[in-house]
Structures are given as structure tokens and as C-alpha cells.
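**Q** how does the following fold in three dimensions:
(one chain, ligands or ions: 1)
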Amino acid sequence: MRRIAILTSGGDAPGMNAAVRAATLLGVGKGLEVFGVQRGYQGLLDDELIELGPRDVGAIIRDGGTMLGSARCLDFHEAARRDDARRVLAARGIEGLIVIGGNGSLTGLLALTDPAECDIPLKGIGIPASIDNDLAITRLAIGVDTAINTIVEACDKISDTASAHDRTFIVEVMGRRCGYLAMTSAIASAANAVLFPEMDKSDDEVVETVVRAVVRAQQRTERNKRVLVIKAEGVDIPIERLKARVDERVREETGRTNIETRVTVLGHVVRGGRPSALDRMIGSRLANAAVGGLLEGHSRMMTAWTPPSAVPTEHVKKARSDPQVSLVDLEYTLRETKAMLEGTSNFVKWRQKVFAEIEEVLSL
Ligand code: F6P
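**A** Got it, this is the predicted structure:
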């Protein structure tokens with residue numbers, strides 16, 4: 001293998017640049033020519049590639065987003081368009097592709113390298129990057145740690161006002177199909193309740209969860225009656241409707257008309273910003289395993305921030321020189337991811353159990 005390309009795709013995640021940088025430096029260090037694909041799979045279709053060297057990636061580790069740009073490319077669902085992409089890579093003599101992205105992006109890589117479709121010697125390795133942490137097997141994807149820190153920082157600020165005014169705040173965070181960000185940031189910001197899609201609650205149950213936390217706070221004898229509720233965006237009830245229904249029910253329960261909730265939607269703020277040290281480390285080490293994996297001839301694998309001993313042996317290869325990182329069969333990872341998002345995997349059931357247990361103590 002003489003030439004490889006790196007592509008970032010889907011929602012950007014802080015730490016993607018660390019992976020681009022490490023893959024470039026390690027690739028060049030091993031004598032490879034390294035190319036960056038701009039604007040994700042769309043840029044690949046449009047042949048928007050640039051050669052990358054150490055000078056191009058020198059300081060990008062500090063920056064959020066991705067220096068290569070990203071896109072969500074629906075065209076890539078069509079086999080004919082993937083043929084076009086393979087032609088672009090073949091014309092440039094690129095034999096190895098590293099895709100840094102989430103579930104959809106890595107599904108695209110699996111299709112691109114499918115031997116049934118692919119008649120060129122193309123090898124591909126994925127690196128998980130998604131602030132939602134919605135990929136199975138990897139304990140953390142790139143961007144998750146920074147996103148949690150951003151949420152906690154925002155919640156600490158919101159808590160100042162909530163405490164001063166004895167108010168309830170419902171804070172909505174990203175997480176379309178996975179409540180990991182909501183769950184972890186709720187613990188780290190000492191929230192009184194957390195709402196996430198895996199709990200599979202009806203709207204009425206969601207409302208009652210919040211009402212219970214508010215009523216408990218009102219019963220406190222001390223002055224501070226702050227209530228912080230973290231809601232994942234994937235919980236169906238729109239936040240304004242939730243607020244209105246909570247206010248109404250709290251009035252019924254307490255007989256008081258002056259208790260009102262406030263809502264804050266953090267939205268894309270959660271996805272931006274300088275990557276944390278941990279995300280820089282994870283991005284760099286996963287990229288190290290990806291370059292090493294390509295050079296060892298592996299393909300259709302994902303690098304995971306998980307020790308090999310935690311993955312069934314038939315689906316895993318050791319990442320040389322990094323005991324914390326595994327090379328996991330990509331098809332298996334995406335199958336596990338589907339089960340996780342559909343709520344049928346043992347892992348999700350474990351999460352539901354743990355959070356059912358801690359729900360009670362959060363609102364104490
Ligand atoms: O990156 C994942 C994610 O942040 C989801 O939580 C969110 O719903 C989605 O991306 C929004 O992305 P965009 O607005 O860029 O399509």
C-alpha cells in the first residue's frame with residue numbers, strides 16, 4: 001500500500017482533527033502518501049482530495065470540528081454512486097481509506113468495501129466519532145468526552161440561576177436515538193432527573209418523572225429548591241409541551257401557582273468547541289490503530305476504545321502496541337449498534353436497569 005485517504009463524515013465531533021493529524025503523521029512516517037477527502041463522501045464523489053503532510057496538520061489537534069469538512073451524503077446509499085467513488089480512489093491509486101464518523105458513515109464504508117460490489121483492491125478501516133456515543137463495542141467514540149464536559153459546564157451555569165430562584169430547569173441535550181450524553185451528564189451535573197429514549201416511557205410517565213422531582217424539591221426544608229432535569233432530544237415529547245404539562249401538574253400537586261419551569265435547548269453548542277485532552281488522546285490512538293491495521297492488510301474493521309479482552313474473540317484483532325484499543329469486525333459492530341439502538345441488546349437492558357435504580361436517588 002502506497003497511498004491512503006482520510007475522510008470525516010456525518011456530524012462533526014471534537015477530536016476528529018486529532019485523528020486526522022495522527023493518521024497523517026503516522027502514515028507519512030511509514031512512507032505512505034496521505035490524502036484528505038474534503039466534505040465527506042460528497043467530496044469523494046466530487047474528487048475533492050488534497051495531499052496532507054505534517055505541516056498541514058501541525059496545530060489542528062486544538063481545533064473542534066474537522067479541518068476536512070463533513071457532510072451527510074444521501075447519494076452514497078446508491079450502489080452506482082459508490083462505484084463512482086471507487087473510481088475516484090482507483091484513479092488516484094488510493095488503496096486504503098480511513099473513515100472517521102458515526103453509524104451512517106461507517107455503514108457507508110462497509111458498503112464501499114463490500115467484496116460483492118468492489119472490484120478494486122480497496123481496504124477500509126473506520127474510526128468511531130459521534131458525540132451521541134451511539135456506536136456499539138467502542139466504550140467511547142471521539143467527541144463524547146468533550147460533549148459531556150460542555151453540557152456539565154452549561155448545567156453548572158444554569159444551576160446558579162436555578163438555585164438563586166428556586167427554579168426548575170429542563171435542559172435538552174443532543175442524542176437522537178441514544179441517551180448516553182443525557183445519562184452521563186445528569187450524573188456529573190447532579191441533576192434531579194434524567195429523561196432518555198432507552199427508558200421507553202410514555203409522555204405521561206415522562207411528565208410524572210419531572211413532577212416527582214419538583215414536588216420532592218418543594219418539600220425540602222432548606223432554602224435551595226433547585227431542580228435540574230436533563231432531557232435527551234430523542235425523548236419524543238417536545239420540550240415546550242413538557243414544560244406546560246409539568247407546570248400544570250405541579251400546580252395541581254402543590255396548590256401553588258408561582259412555581260414555573262424554564263427550558264434550555266443546548267443544541268449544536270454541545271457538538272462544538274476545543275476537544276478535551278481525552279478526546280485528543282482517543283482520536284490519536286484510534287488513528288494509530290487504523291493506520292497500523294491498514295498496513296497489516298486488515299479491512300472492514302473499526303478501531304474501538306475497548307481492550308480486546310472485552311470483545312468476543314472471533315470478532316476482534318489486537319491493535320499492535322495499544323492494549324486499550326481493538327480492531328473489531330465492522331459488520332459485527334454495526335449489527336450490535338442496530339440492536340443497541342432498537343433497545344434489544346443486553347447492553348441497553350443493563351443501562352435501563354442501572355438507570356431505573358438510580359432514578360430514585362437522583363431526586364432525593
Ligand atoms: O452528531 C449527532 C447529532 O448531534 C444528533 O444528536 C443530532 O440529532 C444530529 O446530530 C443533528 O445533526 P445535524 O443538525 O447536523 O443534522
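
**Q** mind checking how far the closest residue to A79 other than its chain neighbours is from the ligand?
**A** Sequence neighbours aside, E117 is the residue nearest to A79 in space, at 6.0 Å (criterion: CB to CB, 6 or more residues apart in numbering). From N, CA and C alone the C-beta is placed, and that goes for glycine too. With distances taken as CB to the nearest ligand atom, to the nearest Å, E117 is found 27 Å from the ligand.

**Q** tell me the contacts of E117?
**A** 79, 82-83, 111 (CB atoms under 8 Å, 6 or more residues apart in numbering).

**Q** by neighbours, which of those wins?
**A** R82 (22 neighbours; other CB atoms under 10 Å).

**Q** wait, doesn't it sit right on A111?
**A** Yes - using CB atoms under 8 Å, R82 and A111 qualify as a contacting pair, with a distance of 5.9 Å.

**Q** so what sits against both of the two?
**A** With CB under 8 Å, 6+ apart as the test, R82 and A111 both reach 76, 117.

**Q** just the CA trace of stretch 53-62, in CSV.
**A** Taking C-alpha atoms only, stretch 53-62 is exported to CSV below (Å, rounded to 0.1, in the frame of the first residue of the first chain):
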residue,chain,number,x,y,z
GLY,A,53,1.7,16.4,5.1
PRO,A,54,2.9,17.2,8.6
ARG,A,55,2.8,20.9,8.0
ASP,A,56,-0.9,20.8,7.1
VAL,A,57,-2.0,19.1,10.3
GLY,A,58,0.5,20.6,12.7
ALA,A,59,-1.8,22.5,15.1
ILE,A,60,-5.2,21.2,14.2
ILE,A,61,-5.3,19.0,17.3
ARG,A,62,-6.6,22.0,19.3
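
**Q** buried set for it?
**A** For stretch 53-62, the buried set under the neighbour-count rule, 16 or more other CB atoms under 10 Å, comprises 57, 60-61.

**Q** tell me which stretches of the stretch 201-350 of the chain form helices.
**A** Here the stretch 201-350 of the chain has its helices, by DSSP state H, counting those that start in this stretch, at 203-218, 239-254, 277-295, 330-341, 346-362.

**Q** which one of these lies closest to T168?
**A** The minimum distance between T168 and the helices of the stretch 201-350 of the chain falls on helix 203-218, with 5.2 Å, by CB to CB.

**Q** and the closest one, how far out from the chain's middle?
**A** Mean-position distance between helix 203-218 and its chain equals 28 Å (CA atoms, centre = their mean, to the nearest Å).

**Q** list the buried residues in that helix.
**A** For helix 203-218, by 16+ other CB under 10 Å, it's 206-207, 209-218.

**Q** quick one, that helix and helix 346-362 angle?
**A** Inter-element angle recorded for helix 203-218 and helix 346-362: 30 degrees (by axes from the mean of the first three to the mean of the last three CA atoms, to 10 degrees).

**Q** what residues does the stretch 101-250 of the chain put near the ligand?
**A** Residues of the stretch 101-250 of the chain found near the ligand (CB under 6 Å from any ligand atom) are 130-132, 174-176, 233.

**Q** domain assignment for the protein?
**A** What the record gives for the chain is the domain set 3-143+275-341, 146-271, from automatic domain parsing.

**Q** most tightly surrounded among these?
**A** domain 3-143+275-341 (a mean of 21; mean count of other CB atoms under 10 Å).

**Q** hmm, R335 and T107 touching each other?
**A** No - contact criterion CB under 8 Å: T107 and R335 do not qualify, at 10.9 Å.

**Q** where does V99 land in three-state SS?
**A** strand (DSSP: H, G, I helix; E, B strand; the rest coil).

**Q** contacting residues around it?
**A** 7-9, 105-106, 108-109, 124-127.

**Q** also T337?
**A** 103, 134-137.

**Q** for A71, same thing?
**A** Here A71 is in contact with 9, 39-43 (criterion: CB under 8 Å, 6+ apart).

**Q** next, format the contacts of E117 as JSON lines and append secondary structure.
**A** Listed next are the contacts of E117 as JSON lines, based on three-state DSSP:
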{"residue": "A79", "secondary structure": "helix"}
{"residue": "R82", "secondary structure": "helix"}
{"residue": "D83", "secondary structure": "helix"}
{"residue": "A111", "secondary structure": "helix"}
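
**Q** tell me which of those residues is nearest to the ligand?
**A** A111 (20.3 Å; CB to the nearest ligand atom).

**Q** so that closest one makes contact with R81?
**A** No - A111 is beyond contact range of R81, at 10.2 Å (criterion: CB under 8 Å).

**Q** element containing the residue nearest to A79, please.
**A** Per DSSP states H and E: E117 is located in neither a helix nor a strand.

**Q** and if you look at V194?
**A** Going by DSSP H and E, V194 is part of strand 193-195.

**Q** try I6
**A** Here I6 sits within strand 3-8, counting by DSSP H and E.

**Q** what's the biggest helix in this protein, counting residues?
**A** Longest among the helix segments of the chain by residue count, using DSSP state H, is helix 144-165.

**Q** tell me the secondary structure for whichever residue of the chain sits closest to the ligand?
**A** Going by CB to the nearest ligand atom, the ligand is nearest to G11 of the chain, at 2.5 Å. At G11 the chain is in coil, as set by three-state DSSP.

**Q** measure it to I230 for me?
**A** According to CB to CB, to the nearest Å, G11 and I230 sit 20 Å apart.

**Q** likewise for N103?
**A** N103 is 23 Å from I230, by CB to CB.

**Q** check T221 too.
**A** For T221, the distance to I230 - CB to CB - is 25 Å.

**Q** closest to T150 out of the helices of the stretch 201-350 of the chain?
**A** helix 277-295 (11.2 Å).
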